[in-house]
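> got a predicted model here, sequence first, then my questions.
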Amino acid sequence: MPPLVGDPFWKLLSLLVVSGCLGALIGLERQYVKQGQGMRTFTLWALLGCLSAYVSAATTPWFFAVSFLVTALLISTQYIMEARPTQGGKGITTECATLLTFIIGGMVYWRATTIAVIVTVSMVLLLKSKKTIHTMVDRFTEKDVHSALQFAVITGIIMPLVPNHDYGPYLAFNPFKIWLMVVLVVGLGFAGYIAIRLFGAKMGIGLAGLLGGVASSTVTTIAFSRKSKEQPDLSRHFAIAVIIACTVMLVRVGILVLTINIDLIQKLWLCLLVLASPGLLFIGLHLFRERQRNLQSDSPEISNPLTLTTALKFAALYALIIFFTKAAQDYFGGSGLYAVSFLSGMTDMDAIAITLSQMAHTGTDQTVCARGILIAALSNTFFKACFAMSVGSPELRRIIFLTLGVTLLTGIPAWFLIG
């Protein structure tokens, strides 16, 4: 925007008022934490930034930069004088907030008021969340930090280097698309794992099942089924967690399909809803019966799903599924694709769902692709039900047999709903 030199007095005054209010908001938060500087000081810093921008526009463009450097020098001198060895370590949060407040004042003058407000509110929330952030960080391990760095490598370093071309038989292998799906699936699982780490051991069993379903419904099923043998009196609650995880898996598949192929989800959403209905009904009945109770239990140990090894294995599996589905479709038509869907669904639901969603984009019949995803979902549910029945406690087996058994039966009407 052009400078405001020559504009009416009231216009400049209004900009100073806005700057002062934003500075006061930051100073109010700092005053509550007893940092020495409060509303008056931060209001002045914001006004100084706004007036420096005004003088810079009226005289020389260097004035604002020089004023900022002088302000930084004053703050640095004060920090050095106050941070004596006898006082221990002293943070520089307030000093950083001061410099940012000066810049916010200048942004208001430059007509970037919306951005200035967003930065101010974000800064206040960040400053106010100090204890919460420290508590959250304390719940992470060194392995979790390494996993976050690995995710950064997967997305920020490897992905831009991967070629975006089709290779191999049936032109089935596109490295960029394969790695993009790795980022999508591994990132979704990592987000669920992070949520589990944040809630910690005080999280309810049901919430653990919900978050575990995002991270890995199969791992959650295995973990809770085994735990029901150790604590049989909580078997019903562990069964609920398994059912929640299996239901969330269907939601996760729907999100993946929606992300890749919005036309296919229009054929598939009612089918997924029918499959989820037995689980949703049982969860609703459980919540109705247990609404007066607040049961808590340690959540099972769920390993971090994000490693480079995991990403590479998924990429290899995804690439093989793409090849086999295209080859099966070429040799056997729709029936071959259904066989691949059944076998793939037993081990990994995400890969086959992504593959079929992309195939529906490139000419494969959408009904065939939607039914393939349905078969994979039923296969995945059948596998988890079998595992829970083999290792779970008697009560958990009874609940799983009833609920997931009905879920498998709903596959019959769901099949015809797709057509």
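Good, I have the coordinates.

> what's the closest non-adjacent residue to Gly209?
Ala241 (3.0 Å; C-beta to C-beta, 6 or more residues apart in numbering). Glycine gets a C-beta too; all of them are placed from N, C-alpha and C.

> for that neighbour, grab the count of nearby residues.
Counted with other C-beta atoms under 10 Å, residues neighbouring Ala241 total 31.

> so it makes contact with Phe224?
Yes - using C-beta atoms under 8 Å, Ala241 makes contact with Phe224 at a distance of 4.8 Å.

> who are the contact partners of Arg252?
Arg252 sits next to Leu188, Gly213, Val214, Ser217, Asp350 when contact means C-beta atoms under 8 Å, 6 or more residues apart in numbering.

> what about the fourth one, distance to Val242?
By that I understand Ser217. Separation of Ser217 from Val242 (C-beta to C-beta, to the nearest Å): 8 Å.

> now for those two: what residues contact both?
Shared contacts of Ser217 and Val242, defined by C-beta under 8 Å, 6+ apart, are found at Lys384.

> and the two? Which one has more around it.
Just comparing Ser217 and Val242: by other C-beta under 10 Å the higher neighbour count belongs to Val242, 31 against 25.

> so that one is in which element?
Here Val242, judged by DSSP states H and E, is contained in helix 235-260.

> using CSV, list the CA coordinates for the helix or strand where Thr94 lies.
Secondary structure assignment for Thr94, by DSSP H and E: helix 93-109. Only the C-alpha atoms of helix 93-109 are listed here, as CSV (Å, rounded to 0.1, in the frame of the first residue of the first chain):
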residue,chain,number,x,y,z
THR,A,93,10.7,-14.5,25.6
THR,A,94,9.7,-11.0,26.6
GLU,A,95,12.6,-9.5,24.6
CYS,A,96,11.4,-11.3,21.5
ALA,A,97,7.8,-10.2,22.1
THR,A,98,9.0,-6.6,22.4
LEU,A,99,10.7,-6.7,19.0
LEU,A,100,7.7,-8.4,17.4
THR,A,101,5.4,-5.7,19.0
PHE,A,102,7.5,-3.0,17.3
ILE,A,103,7.1,-4.7,14.0
ILE,A,104,3.4,-5.1,14.5
GLY,A,105,3.1,-1.3,15.0
GLY,A,106,4.8,-0.8,11.7
MET,A,107,2.5,-3.4,10.0
VAL,A,108,-0.5,-1.5,11.2
TYR,A,109,0.8,1.7,9.5
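
> what does the spatially closest residue to Tyr167 that is not a sequence neighbour show for phi and psi?
Spatial nearest neighbour of Tyr167, chain neighbours left out: Phe173 (4.6 Å); criterion: C-beta to C-beta, 6+ apart. Torsion angles at Phe173 (phi, psi; degrees, to the nearest 10) stand at phi -110, psi 110.

> any idea how far Phe173 is from Asn380?
25 Å.

> those two: which is more packed in?
Neighbour tally, Phe173 and Asn380, criterion other C-beta under 10 Å: the higher count belongs to Asn380, 26 against 16.

> per-residue confidence at the more buried one?
Here, the pLDDT recorded for Asn380 equals 89.

> give me the neighbour count for Met81.
With other C-beta under 10 Å as criterion, Met81 counts 8.

> residues contacting the host helix or strand of it, please?
Assigned by DSSP H and E, Met81 belongs to helix 62-82. By C-beta under 8 Å, 6+ apart, the surrounding residues in contact with helix 62-82 are 45, 48-49, 52-53, 55-56, 90, 92, 95, 98-99, 102-103, 106.
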